[in-house]
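*Asks:* Starting from these lines, generate the structure:
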Amino acid sequence: QVHLLESGGGSVQAGGSLRLSCVTSGSRYCMGWFRQAPGKEREGVAFIGISDTTTYTGSVKGRFTISRDNAKNTLYLQMNDMQHEDTAMYYCAIARKNQFACMVGEEEYAYWGQGTQVTVSS
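*Replies:* As a prediction, the model looks like this:
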């Protein structure tokens with residue numbers, strides 16, 4: 001059974017930084033970070049593949065960095081220059097199957113953490 005546990009969320013002022021962590025029970029499939037703001041649909045943010053190839057979506061490009069430490073079974077999301085629009089519940093997820101290139105749709109991800117709240121004040 002696959003388990004994921006996020007941590008590192010909190011409150012930060014605009015322009016600040018946070019680092020999210022997600023400890024897993026171990027996977028070499030694509031892993032990703034999603035977020036859901038109040039009243040909005042969940043959206044993919046950043047993804048990392050088996051060969052550490054990364055994909056970023058939307059406005060986080062250049063500000064967020066996803067990485068993984070396979071020895072620690074931990075996924076990270078370094079968030080810099082944070083903006084009010086980054087306020088959301090952040091979830092880590094593991095793909096349901098091996099992918100050549102990580103897909104960004106949530107339907108491709110079968111295992112989810114419980115989420116960690118990130119709040120950015122302007």
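*Asks:* Report the secondary structure state of the residue sitting nearest the centre point of the chain.
*Replies:* Nearest to the mean C-alpha position of the chain, by CA atoms, centre = their mean, lies Trp33 at 1.9 Å. When classified by DSSP: H, G, I helix; E, B strand; the rest coil, Trp33 comes out as strand.
*Asks:* Verify the stated contact: it with Ile48.
*Replies:* No - applying CB atoms under 8 Å, one finds Trp33 not in contact with Ile48, separated by 9.1 Å. Yep, even glycine has a C-beta here, placed from its N, CA and C like the rest.
*Asks:* got any residues that touch both of the two?
*Replies:* Both Trp33 and Ile48 are in contact with Ile66, Leu75, where contact means CB atoms under 8 Å, 6 or more residues apart in numbering.
*Asks:* okay, now the nearest residue to Asp52 once chain neighbours are set aside: neighbour count?
*Replies:* Sequence neighbours aside, Arg68 is the residue nearest to Asp52 in space, at 7.1 Å (criterion: CB to CB, 6 or more residues apart in numbering). By other CB atoms under 10 Å, the residues close to Arg68 number 20.
*Asks:* Now do the same contact list for Arg68.
*Replies:* Met31, Ile48, Asp52, Thr74, Leu75, Tyr76.
*Asks:* switch to 10 Å and redo it
*Replies:* Residues near Arg68 by CB atoms under 10 Å, 6 or more residues apart in numbering: 22, 24, 27-28, 31, 48-50, 52, 54, 74-76.
*Asks:* same thing with Tyr90?
*Replies:* By CB under 10 Å, 6+ apart, the residues touching Tyr90 are 6, 8-9, 18, 20, 22, 33-36, 45, 77, 79, 113, 115-118.
*Asks:* let's see it at 6 Å
*Replies:* Residues in contact with Tyr90 (CB atoms under 6 Å, 6 or more residues apart in numbering) are Leu20, Arg35, Thr116, Val118.
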